[in-house]
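Engineer: Using only what follows, build the 3D model:
(one chain, ligands or ions: 1)
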Amino acid sequence: MGPRMAPLEKRPDRALPPAVLDAPNAHPLIEATGLGFRYGHGRGAFEVSVPSLRISRGETLAITGESGSGKSTVLELLGLAAPPLEGAHFCWHAAAPVDVAALWRARAEGALARMRARSIGFVMQTGGLLPFLTVRENIGINRRLLGLPTEDDRIAHLVKALEIGALLDRRPAQLSVGQQQRVSIGRALAHGPALVLADEPSSALDPRLADRVLGLLRDLAIESGASVVIATHEQGRVRALGLREIRARPLEAPDRLGSCFEDAP
Ligand SMILES: Nc1ncnc2c1ncn2[C@@H]1O[C@H](COP(=O)(O)OP(=O)(O)OP(=O)(O)O)[C@@H](O)[C@H]1O
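Structural biologist: Model prediction:
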């Protein structure tokens with residue numbers, strides 16, 4: 001995950017039943033065209049481009065590509081942590097429609113930070129848990145920052161589903177990598193975000209555990225109505241899980257390097 005990313009939510013209006021979530025015209029959470037980010041200038045520039053992207057509520061999709069193709073950058077754009085290039089159309093339909101591109105143009109950093117805190121959850125490659133907090137405190141941190149009660153039915157359900165009840169008083173250093181990842185998923189979903197962004201959440205795990213962790217993330221997100229975007233180089237795992245794949249290909253531009261992310265055929 002890139003350095004600009006920071007954990008944190010928005011409560012879904014309600015959990016949408018899977019039948020609705022799977023429908024091709026399900027309500028969109030995100031609609032974007034011409035989304036992009038450019039590193040550097042001139043011949044050394046590297047551009048990450050997402051010409052068109054629509055993410056439905058409750059949908060889980062994967063962003064795939066080689067190392068350095070720009071997967072983390074796409075997550076940063078979706079996570080409101082990096083400003084899109086001029087000319088982008090970028091709308092969120094959470095509680096109400098929000099023109100994110102206009103917020104960036106207006107440099108409305110406070111509004112963007114609030115949206116990030118209330119509407120997004122993050123799962124990092126190696127958990128990203130705060131080492132000085134217990135598992136219980138880590139799971140509750142986003143809720144506490146938002147002034148929500150740190151214990152409720154949602155938390156109890158997540159703890160049970162993730163099978164981390166026996167670990168609540170431990171600190172991250174006392175957990176295995178797989179346990180840390182499950183706690184990280186609990187933290188990402190605890191405040192009821194509309195979107196969960198996961199950067200290589202399974203690459204530090206053995207294959208069996210990786211499938212379990214990704215499956216848990218997808219299933220718990222569907223249950224809560226959150227959309228999930230997973231950046232990963234593990235194309236085989238993405239296909240095995242039957243996820244929609246947005247894949248990087250080299251940018252076709254004569255004057256700069258970069259990647260273009262589009263739905264895989
Ligand atoms: N200042 C810069 N100038 C030019 N290119 C840059 C600059 N900063 C970053 N880049 C390039 O931007 C690209 C996007 O990086 P990003 O971390 O998004 O890729 P990634 O697919 O997530 O990689 P990984 O899988 O290795 O984490 C990389 O190729 C990187 O070299």
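Engineer: For Gly34, which residues are in contact?
Structural biologist: Contacts for Gly34 (C-beta atoms under 8 Å, 6 or more residues apart in numbering) come out as 51, 84-85, 87-89. All C-beta spots, glycine's among them, are computed from the backbone N, C-alpha and C.
Engineer: from what I can see, Gly215 looks like it's in a helix, true?
Structural biologist: Yes: remark: Gly215 belongs to a helix, assigned using DSSP: H, G, I helix; E, B strand; the rest coil.
Engineer: Would you indicate which residues of stretch 35-45 are buried?
Structural biologist: Within stretch 35-45, the residues that count as buried by 16 or more other C-beta atoms under 10 Å are 35-37.
Engineer: to the chain's geometric centre, what's the distance from that stretch?
Structural biologist: 23 Å (C-alpha atoms, centre = their mean, to the nearest Å).
Engineer: Also stretch 51-63?
Structural biologist: Relative to the mean C-alpha coordinate of its chain, stretch 51-63 is positioned 10 Å out (C-alpha atoms, centre = their mean).
Engineer: now stretch 152-164
Structural biologist: Centroid displacement of stretch 152-164 relative to its chain, using C-alpha atoms, centre = their mean, is 20 Å.
Engineer: tell me the mean pLDDT for that stretch?
Structural biologist: Average pLDDT, stretch 152-164: 89.
Engineer: Buried residues of that stretch, list them for me.
Structural biologist: For stretch 152-164, burial by neighbour count (16+ other C-beta under 10 Å) applies to 154-155, 158-159, 161-162, 164.
Engineer: Just give me the closest of those residues to Ile141.
Structural biologist: Ile155 (11.8 Å; C-beta to C-beta).
Engineer: how long is stretch 113-132 end to end?
Structural biologist: This stretch, stretch 113-132, spans 24 Å end to end (C-alpha to C-alpha, to the nearest Å).
Engineer: wait, does it contact the ligand?
Structural biologist: No: using C-beta under 6 Å from any ligand atom, stretch 113-132 never reaches the ligand; the gap is at least 8.5 Å.
Engineer: residues contacting Lys255?
Structural biologist: One correction, residue 255 is Asp, not Lys. Arg43.
Engineer: switch the cut-off to 10 Å
Structural biologist: Residues in contact with Asp255 (C-beta atoms under 10 Å, 6 or more residues apart in numbering) are 42-43, 45, 47.
Engineer: Likewise for Asn142?
Structural biologist: Contacts for Asn142 (C-beta under 10 Å, 6+ apart) come out as 7-9, 117-118, 120-122, 148, 150, 187-193.
Engineer: Need the three-state assignment for it.
Structural biologist: Secondary structure for Asn142, judged by three-state DSSP, is helix.
Engineer: Tell me how many other residues crowd the residue lying closest to it once chain neighbours are set aside.
Structural biologist: Spatial nearest neighbour of Asn142, chain neighbours left out: His191 (4.3 Å); criterion: C-beta to C-beta, 6 or more residues apart in numbering. Neighbour count of His191, defined by other C-beta atoms under 10 Å: 28.
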